[in-house]
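Novice: Structure here, sequence nowhere to be found:
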């Protein structure tokens, strides 16, 4: 599964970007907000921030891959 997310103060929340329930992305959103805050304050460099954001995306992809796949069509 390939996930592309945009992080930043003015970006849509992760659950809106992915079109999933907010409850599935609570921790990832908190982490992403923290990274943005630390980058703005100069605690993290841009390259460090990119690495952390990639880890957030990878973790989210693993969690989403474990979800049951929706059934196509009706019940038989």
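Specialist: Arrived safely. The structure displayed is predicted, hence computed values, not measured ones.
Novice: Please name every helix or strand in contact with the longest helix anywhere in the chain.
Specialist: Longest helix in the chain, counting residues (DSSP state H): helix 46-65. Packed against helix 46-65 by the contact rule (3 or more C-beta pairs under 8 Å, 6 or more residues apart in numbering; DSSP states H and E) you find helix 26-40. (Each C-beta comes from the backbone N, C-alpha and C, glycine too.)
Novice: can you do 10 Å?
Specialist: Counting contacts by 3 or more C-beta pairs under 10 Å, 6 or more residues apart in numbering; DSSP states H and E, helix 46-65 packs against helix 14-18, helix 26-40.
Novice: residues in contact with the shortest one?
Specialist: The set of residues that contact helix 14-18 without belonging to it, under C-beta atoms under 10 Å, 6 or more residues apart in numbering, is 3-7, 11-12, 20-26, 28-33, 56-57, 60, 64.
Novice: Over to stretch 28-39?
Specialist: 5-11, 13-15, 18, 22, 25, 43-46, 48-53, 55-57, 59-60, 63-64.
Novice: Show the buried residues in these.
Specialist: 5, 7, 14-15, 18, 25, 44, 49, 52-53, 56-57, 60 (16 or more other C-beta atoms under 10 Å).
Novice: wait, which of those is closest to residue 69?
Specialist: The nearest member of the buried ones among the contacts of stretch 28-39 to residue 69, counting by C-beta to C-beta, is residue 18 at 15.4 Å.
Novice: what about this protein, any weak spots by pLDDT?
Specialist: In the predicted model of the chain, residues 1-3, 73-76 satisfy pLDDT under 70.
Novice: repeat that for 90
Specialist: Filtered on pLDDT under 90, the chain yields the residue ranges 1-4, 9, 64-76.
Novice: Residue 25 reaches residue 63, doesn't it?
Specialist: Yes: Residue 25 sits in contact with residue 63 when judged by C-beta atoms under 10 Å, with a separation of 8.8 Å.
Novice: tell me the contacts of residue 27?
Specialist: Residue 27 makes contact with 56, 59, 60, 63, according to C-beta under 10 Å, 6+ apart.
Novice: Next: residue 44.
Specialist: 34, 35, 36, 37, 38, 50, 51, 52 are the contacts of residue 44 under C-beta under 10 Å, 6+ apart.
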